[in-house]
Structure formats: structure tokens, C-alpha cells
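> From the sequence below, what's the structure:
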Amino acid sequence: TVSSGGVTSSTVISSGGTETVSSGGLASSTVISSGGTEAVASGGVASGTVISSGGNEIVSSGGVASGTMVSSGGYEIITSGGTASGTVISSGGAETVASGATAHDTVVSRGGAEYVYSGGMASAAVVGSGGNETVYFGGMANGTTLNSGGAEVISSGAVANGTTVNNGGADVVASGGVVH
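A predicted model of the protein is given here:
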């Protein structure tokens, strides 16, 4: 556990191991794989985490994750009240934005996916070739940019505001989806 005033750098977590970052703690450049988990609790900050191969980062209420890199079966899970900014998702990685959670400035590239569920919000995502942002019923995406080969899927009951679709990008809006 990384608690108030505590700082860790370049910790490696795997095989069922867990690092908890609590109020006032800072975890920098943590590497998570193979069943390892980083839990960012209220008041905790994780910066520059690298997640792959079945690793998980869970950002809960009041926790902040910035500059996370997710690939190859890794997951960043943002729960109610949690915030992630500047996440980069590629090659089979995924970010889940749950109800009450917020993701800012996510970059989704080839093979990466961002999923925004009911009550979750994604803002200023950039989706590139082979990347996908899916917004489910009750979810919201604001200011997404779709570059060539990138796709945004707006499900029934989901809302997208201010999407920019560049040449070769695709904005797929299901019946009942709303785009402003």
C-alpha cells in the first residue's frame, strides 16, 4: 500500500499481486501484467502506469490515473467518481468508463477499445486507425475526434456531443442514439 506521503517508482506487479495507492500516495511508472492489479483509491494518484497481458488498473472514487498505457489484454477500469486522463490504448487493451466515472483525453489506436457505460463520460478522446470507442445506453462522449480508420459507436440511448469525423473516420449511430 502506498499511503500519504509515500511514493513508489517502477514497481512491477504480476501473478495476483496488488498495489493499492491510497490518499496522498503516488505511484509512478508501475508495470502491471499477468493478473497483477493496481488499485487507485480516493486521494491516490497513479502516473505513467503500463498495463498489459491480463493486468488491471482500477481507479475508484476520488482516485486519479494519468498517462496510463494499456495494451495486449490489459484493462483500465474507472469506477464511479474515478478519473483518468491521457490514457493511451492499443493492441488489445481496453478502458472501461463506468457510471459516474470520467475519462479525459484518451487516445485509442490500433486494436484498442474504450467502452463508456451508462452514466459514464468520455471527453476529448482521439480514435485512430483500428481503434474503437463504444458508448452504451446512458453513456456520453464529448468532443471525440475520429481519424482515418477510427470508429465511434453510439448505441441506442447514448449521446455524443461535438464529434469530429476526419477523412476515413466512422461515426456509427444506432437507432435511438443521439449525436449533437
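> Now for the residue nearest to the spatial centre of the chain: which residues touch it?
The residue lying closest to the centre of the chain (Cα atoms, centre = their mean) is residue 95, at 3.5 Å. Counting by Cβ atoms under 8 Å, 6 or more residues apart in numbering, residue 95 touches 70, 75-78, 84, 87, 89, 103, 106, 108, 113-115. For glycine as for every other residue, the C-beta is placed from the backbone atoms N, C-alpha and C.
> Any idea what it is bridged to?
Beta bridges link residue 95 to residue 76, residue 114 when assigned by DSSP bridges.
> State the distance from it to residue 113.
Relative to residue 113, residue 95 is positioned 7 Å away (Cβ to Cβ, to the nearest Å).
> The closest residue to residue 156 other than its chain neighbours: what secondary structure?
The spatially closest residue to residue 156, leaving aside those adjacent along the chain, is residue 176, at 3.3 Å (Cβ to Cβ, 6 or more residues apart in numbering). Recorded secondary structure, residue 176: coil (DSSP: H, G, I helix; E, B strand; the rest coil).
> pLDDT weak spots in this protein?
For the chain, no stretch is flagged by pLDDT under 70.
> Now do residue 18 against residue 38, distance only.
Note on residue 18: its distance to residue 38, by Cβ to Cβ, is 8 Å.
> got it, and residue 60?
For residue 60, the distance to residue 38 - Cβ to Cβ - is 11 Å.
> out of the two, which sits in the busier spot?
residue 38 (28 against 18; other Cβ atoms under 10 Å).
> so what's residue 59 closest to, chain neighbours aside?
Using Cβ to Cβ, 6+ apart, the nearest residue to residue 59 is residue 82, at 3.7 Å.
> in terms of contact, does the one you found touch residue 101 like I think?
Yes. Using Cβ atoms under 8 Å, residue 82 makes contact with residue 101 at a distance of 5.1 Å.
> Quickly list what's touching both of these two.
Listed as contacting both residue 82 and residue 101 by Cβ under 8 Å, 6+ apart are residue 59.
> ok, the residue nearest to residue 59 - contacts?
Contacts of residue 82 by Cβ under 8 Å, 6+ apart are 40, 59, 60, 61, 62, 63, 64, 65, 101, 102.
> quick one: it and residue 145, what's the gap?
From residue 82 across to residue 145, the span is 23 Å (Cβ to Cβ).
> same deal with residue 55?
28 Å.
> The two - which one has more neighbours?
Remark: of residue 55 and residue 145, residue 55 carries more neighbours, 28 against 18, as counted by other Cβ under 10 Å.
> Just list the residues touching the more buried one, thanks.
Applying Cβ under 8 Å, 6+ apart, the residues near residue 55 are 13, 14, 32, 33, 34, 35, 36, 37, 38, 74, 75.
> can you check residue 64 too?
40, 44, 45, 46, 82, 83, 84, 85.
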